[in-house]
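*Asks:* curious how this folds, go ahead:
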Amino acid sequence: MGNLVEAYDVSICYFLSHELSRVLIGNNDGNPTVVLTLIFLAYLAKPVGAFILGLLSDLYGRKNILMISILIMGVSTALIGLIPGFAQIGFLATGILLTLRTIQSMALGSEFLNSASFLVESGDNKQRGFRGCWSSVGVKAGFLLACLVTELTHGLTSSAAHEWAWRIPFLLATVSTLLGVYIRYRMPESLAYVIYYADRAKPTTRSIYQQSMRFVKKYPFLFNYAFFASFLSVASGFFFYLYIPLHAANYSHLPRAFIITSTILSLSLVTILIPIFGWISDKQDRLKMLNFATYGLLLLSYPFMYAINFGNASYFLIMQLLISIPCACYYSVSSVLLTELFPLQIRCTALSIIFSVAASLAAGVPPLLADYLARATKAPNAPCLIMIAIAAIVLFNIKTLAKRYRIEKNQYAITALTEDKPLYTIHYQHPAID
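*Replies:* Residues are numbered from 1 along each chain as shown. Coordinates of the predicted model:
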């Protein structure tokens, strides 16, 4: 639910970029480039939130911080729907929009990796892949929900209500937020976290920083791998499912209604496939599955882009559904694999900072660069070069990871931290034994 709220909050800004640009920024043409720039600027605050919330998660547990982050995100999103228009308060409307998006970004700084860690840690090791993939399911379900809500809003409103109807999807975030807070309030703490600190003293802020720095020095490649693996995960989601509908509306000859329908179908498919691949990953080598998925993104990016720009309706739909297969596989195993590579006691701090830095760049730079390349080169297929380049880097890193660190299927040679020894012992006697 937390990742659904996060993804919903972010993606409605994409799906309603025309309205936001026209009403809150004063661009009568509704040019989405300005909104994409604001989203990117706001995302730069994500690492700050990850640094704070990730550290608090390692200090005080996953559950409480996850409750706080979803509440801040939902309130910020709802408030965007209440901002007076540019015609009423001028550039102050743009400033408020940027401020609320910045608060959103800080709140979701550690959301994805914290929730993935929580899921992976909340059971035995035999189902880590299936449990951990549900954070990615939440993200794509959030994209899908935002797309459905915005289209329903467009379809149900009359021309007289056109000026305020775009606010409805933002205000609806209140419902999902309250539900998410309730669910997180009722859920238990991470099982692995509770067990680990059952016979150990809780760490201090200083000790977490020191442990993280020692881990960085000992395994610098892991941080390089985590950055680019996270970058491709976020960039592909934003590129294929949020940017492409905007791009297709400008460059494709197909009607907007068909483009949105095709996007809804592809989002539905990827949401269904993620848990299936997660289930498979508990029986197969996750690193090999990640390799397959990355090759798929590399090889299908150009045909996909060509179908968007020059294909007929059938080719467009087939390619959008086809590329959802490697996307689903990648989303399913990538975050789970990351949690397996980092020790529990620094997992949220280290991974959240890496992921948030990668995500803040991946969510803003590829869509902006794609928009620039398409306009500057007059070659609408040019944006696919971005995804091809990122996928090639990740493939090289996967090969290096397998060569240096993999011992066997889903097992890696990452030694524990020096502070891993219990500080005291718990003695337990069975009641039946005198």
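
*Asks:* shouldn't Leu287 be in contact with Leu337?
*Replies:* Yes: judged on Cβ atoms under 8 Å, Leu287 makes contact with Leu337 at a distance of 6.7 Å. For every residue, glycine as well, the C-beta is placed using N, CA and C.

*Asks:* these two: which has the busier surroundings?
*Replies:* Between Leu287 and Leu337, Leu337 has the larger neighbour count (other Cβ atoms under 10 Å), namely 24 against 21.

*Asks:* which ones are touching that one?
*Replies:* By Cβ atoms under 8 Å, 6 or more residues apart in numbering, the contact list for Leu337 reads 229, 286-287, 290.

*Asks:* at 10 Å what do you get?
*Replies:* By Cβ atoms under 10 Å, 6 or more residues apart in numbering, the contact list for Leu337 reads 128-129, 132, 225-226, 229, 281, 286-287, 289-290, 398, 401, 410, 412.

*Asks:* most surrounded residue in those residues?
*Replies:* Most neighbours among the contacts of Leu337, by other Cβ under 10 Å: Gly132, with 31 neighbours.

*Asks:* what pLDDT does that residue get?
*Replies:* The confidence metric pLDDT takes the value 88 at Gly132.

*Asks:* how near is the residue nearest the centre of the chain to Leu44?
*Replies:* Against the mean C-alpha coordinate of the chain, by Cα atoms, centre = their mean, the closest residue is Val234 at 5.4 Å. To Leu44, Val234 is 14 Å away according to Cβ to Cβ, to the nearest Å.

*Asks:* returning to what we had before: got the phi/psi numbers for the residue nearest to the centre of the chain?
*Replies:* Main-chain dihedrals, Val234, degrees, to the nearest 10: phi -70, psi -40.

*Asks:* between the contacts of Leu337, which sits nearest Gly180?
*Replies:* For those, the residue nearest Gly180 by Cβ to Cβ is Gly132; the value is 18.6 Å.

*Asks:* quick one: the helices in the stretch 251-400 of the chain?
*Replies:* Ranges of helices in the stretch 251-400 of the chain, per DSSP state H, counting those that start in this stretch, are 256-281, 286-310, 313-322, 324-341, 344-362, 365-377, 384-404.

*Asks:* the residue nearest to the residue nearest to the centre of the chain when sequence neighbours are not counted: how many residues sit nearby?
*Replies:* Leaving aside its sequence neighbours, Val234 sits nearest to Ala362 (Cβ to Cβ, 6 or more residues apart in numbering; 3.9 Å). The local packing of Ala362 (other Cβ under 10 Å) involves 25 other residues.

*Asks:* right, and Ala362 touches Val394 too?
*Replies:* No: if you go by Cβ atoms under 10 Å, Ala362 and Val394 don't touch, sitting 11.8 Å apart.

*Asks:* shared neighbours of those two, anything?
*Replies:* Overlap of the contact sets of Ala362 and Val394 (by Cβ under 10 Å, 6+ apart) consists of 228, 230-233.

*Asks:* which one of those residues is nearest Leu172?
*Replies:* Leu172 lies nearest to Ser233 out of these, by Cβ to Cβ, at 26.6 Å.

*Asks:* next one, pLDDT for that closest one please.
*Replies:* Per-residue confidence at Ser233 stands at 91 (pLDDT).

*Asks:* cool, Asp58 as well?
*Replies:* pLDDT for Asp58: 67.

*Asks:* so, low pLDDT: which residues of the stretch 301-434 of the chain?
*Replies:* Scanning the stretch 301-434 of the chain for pLDDT under 70 picks out 415-434.

*Asks:* cool, and the stretch 51-200 of the chain?
*Replies:* For the stretch 51-200 of the chain, the stretches with pLDDT under 70 are 54-55, 58-62, 109-111, 155-163, 189-193, 196-197, 199-200.

*Asks:* who's in contact with Ser262?
*Replies:* Neighbouring residues of Ser262 by Cβ under 10 Å, 6+ apart: 244-245, 248, 254, 308, 313, 316-321.

*Asks:* common neighbours of Val234 and Leu44, please.
*Replies:* What both Val234 and Leu44 touch, as defined by Cβ under 10 Å, 6+ apart, is the set 360-361, 363-364.

*Asks:* circling back to that earlier point, can I get the shared contacts of Ala362 and Val394 in JSON lines with distance to Gly90, secondary structure and neighbour count?
*Replies:* Converted to JSON lines, these look like this (distance: Cβ to Cβ, whole Å; DSSP: H, G, I helix; E, B strand; the rest coil; neighbours: other Cβ atoms under 10 Å):
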{"residue": "Phe228", "distance to Gly90": "41", "secondary structure": "helix", "neighbour count": "20"}
{"residue": "Ser230", "distance to Gly90": "38", "secondary structure": "helix", "neighbour count": "25"}
{"residue": "Phe231", "distance to Gly90": "37", "secondary structure": "helix", "neighbour count": "23"}
{"residue": "Leu232", "distance to Gly90": "40", "secondary structure": "helix", "neighbour count": "26"}
{"residue": "Ser233", "distance to Gly90": "38", "secondary structure": "helix", "neighbour count": "25"}
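
*Asks:* what is in contact with Leu287 and Leu337 at once?
*Replies:* Each of 281, 398, 401, 410, 412 lies in contact with both Leu287 and Leu337 under the rule Cβ under 10 Å, 6+ apart.
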